[in-house]
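> quick one, structure for this:
(one chain, ligands or ions: 1)
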Amino acid sequence: MPREEINDLQLVGKYIQPETKEVNGVLMTKIMSNNWDKIWNFQAKPDDLLIATYAKAGTTWTQEIVDMIQNDGDVQKCQRANTFDRHPFIEWALPPPLNSGLDLASKMPSPRTMKTHLPVQLLPTSFWKENSKIIYVARNPKDSLVSYYHFSRMNKMMPDPGTWEEYIEAFKAGKVLWGSWYDHVKGWWDAKDQHPILYLFYEDMKEDPKREIQKILKFLEKEMPEEVLNKIIYHTSFDVMKQNPMANYTTVPTVLMNQSVSPFMRKGMPGDWKNYFTVAQNEEFDKDYQKKMAGSTLTFRTEI
Ligand SMILES: Nc1ncnc2c1ncn2[C@@H]1O[C@H](COP(=O)(O)OS(=O)(=O)O)[C@@H](OP(=O)(O)O)[C@H]1O
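Below you'll find the predicted structure:
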């Protein structure tokens, strides 16, 4: 989004704490909800690549890895634009005259790489019809919750998260943007057997980035020399990405994302939830988790 347009909008305060409205029981911003027909009818193409995640699962990290792969490890090419301009976020919409994810996607030459947080049942059906490849990344719920809480505090384009205690309850009840974490990760897990979906885990990426990047390479049918692979691992490490203005969201004006409240690149570490959950909150969370995930073969690691 051009900076002058953002400045205009911040003057009229259009962004501050958006209203929400559900789409088929899933919480969205009102703008996304009102735009829903257009999103639902989005036309995917067979050579599209979609990076799908529940919010805060490692989307930006995966976007950087994929971009580095697609550009054969050329760091300068990957710094051509902000993450959010390189990869349209298909359902994200802001007040006109700003470009929505759909506008950006329609202007982008193929092959396109895009981002979504939509739950599987709300993914535009053209992605299934066109058999477009999808990389799904999942992250354990406790770290996702902590990350989402801090993100909602610093990002004025998100609803106010309330207190920590209120936020835990909202997350468990799925009353946060893009709905229930539990339904999201299970829904995509089940879909992976019927569609070209590479299902990855944040914790695995952190534990052994080389192994996980190699899975992505295989999925994208690409090969590369060891030295380029090592370069990608370095460039997409947390510490390097944290300093990269084209990946760390610091180009977004402070009035929209206040990185002094909480940086976008915050901790980047499995297990940080232990610094936030009390023993009682953790026990309650685990009990509720067992109920919500019962019957699923999907498992998570909450530390590595
Ligand atoms: N390279 C790398 N390595 C490890 N972790 C990383 C990396 N890049 C981003 N992150 C962390 O991912 C969290 C942000 O998630 P998303 O990119 O999915 O956010 S968003 O939903 O697209 O807004 C957020 O997690 P937390 O630090 O726990 O808040 C980021 O710090």
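> skipping its backbone neighbours, what lies nearest residue 201 in space?
residue 138 (5.5 Å; C-beta to C-beta, 6 or more residues apart in numbering). Placement of C-beta: from N, CA and C, glycine included.
> now do residue 74
Per C-beta to C-beta, 6+ apart, closest to residue 74 is residue 68, 7.9 Å.
> output the host helix or strand of the one you found as CSV, nothing but the C-alphas.
Residue 68 belongs to helix 59-70 when assigned by DSSP states H and E. Provided in CSV are the C-alpha atoms of helix 59-70 (Å, rounded to 0.1, in the frame of the first residue of the first chain):
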residue,chain,number,x,y,z
THR,A,59,3.3,-17.4,7.7
THR,A,60,5.8,-14.6,7.1
TRP,A,61,8.7,-17.0,7.7
THR,A,62,7.3,-19.4,5.2
GLN,A,63,6.7,-16.6,2.7
GLU,A,64,10.3,-15.6,3.0
ILE,A,65,11.6,-19.2,2.5
VAL,A,66,9.4,-19.7,-0.5
ASP,A,67,10.4,-16.3,-2.1
MET,A,68,14.1,-17.2,-1.5
ILE,A,69,13.5,-20.6,-3.2
GLN,A,70,11.7,-19.0,-6.1
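> secondary structure class for residue 121?
The three-state label given to residue 121 by DSSP: H, G, I helix; E, B strand; the rest coil is helix.
> count the residues that sit near the residue lying closest to residue 54 once chain neighbours are set aside.
Counting by C-beta to C-beta, 6+ apart, residue 54 lies nearest to residue 184, which is 4.4 Å off, once chain neighbours are set aside. When counting by other C-beta atoms under 10 Å, one arrives at 26 neighbours for residue 184.
> and the next element down the chain from the helix holding residue 68?
Counting by DSSP H and E, the next helix or strand C-terminal to helix 59-70 is helix 75-78.
> got the buried residues for that next one?
residue 78 (16 or more other C-beta atoms under 10 Å).
> list the contacts of the spatially closest residue to residue 271 that is not a sequence neighbour.
Closest residue to residue 271 apart from its sequence neighbours, by C-beta to C-beta, 6+ apart: residue 303 at 3.8 Å. Neighbouring residues of residue 303 by C-beta atoms under 8 Å, 6 or more residues apart in numbering: 203, 270, 271, 274.
> can you flag the buried ones in those?
203, 270, 271.
> looking at those, which are in helices?
The helices, defined by DSSP state H, take in residue 203 from the buried ones among the contacts of residue 303.
> dump the buried ones among the contacts of residue 303 into CSV; add distance to the ligand as well.
As requested, the buried ones among the contacts of residue 303 are exported to CSV (distance: C-beta to the nearest ligand atom, whole Å):
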residue, distance to the ligand
203, 10
270, 9
271, 10
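> now the buried ones among the contacts of residue 303 as CSV including distance to residue 218 and pLDDT?
Putting the buried ones among the contacts of residue 303 into CSV (distance: C-beta to C-beta, whole Å; pLDDT from 0 to 100) gives the following:
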residue, distance to residue 218, pLDDT
203, 20, 98
270, 24, 98
271, 29, 98
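> out of the buried ones among the contacts of residue 303, who's nearest residue 224?
Closest approach between the buried ones among the contacts of residue 303 and residue 224, by C-beta to C-beta: residue 203, at 24.4 Å.
> first-to-last residue distance for stretch 118-137?
12 Å (C-alpha to C-alpha, to the nearest Å).
> contacts for stretch 281-301?
138-142, 165, 168, 172, 180, 182, 185-186, 189, 201, 203, 270, 277.
> same thing but 6 Å
Stretch 281-301 is contacted from outside by 140, 172, 182, 186, 189, 203, using C-beta atoms under 6 Å, 6 or more residues apart in numbering.
> do stretch 30-49 as well
So stretch 30-49 is contacted by 19, 21, 23, 90-91, 93, 102, 110-113, 124, 126-127, 130, 132-133 (C-beta under 6 Å, 6+ apart).
> mind checking what helix or strand follows the lowest-mean-pLDDT helix or strand in the chain in sequence?
Lowest by mean pLDDT, DSSP states H and E among the helices and strands of the chain is helix 3-12, with a mean of 55. Going down the chain from helix 3-12, the next helix or strand is strand 20-23, by DSSP H and E.
> tell me the strands beside that next one, with direction?
strand 26-29 (antiparallel) (DSSP bridges).
> noted, bye for now.
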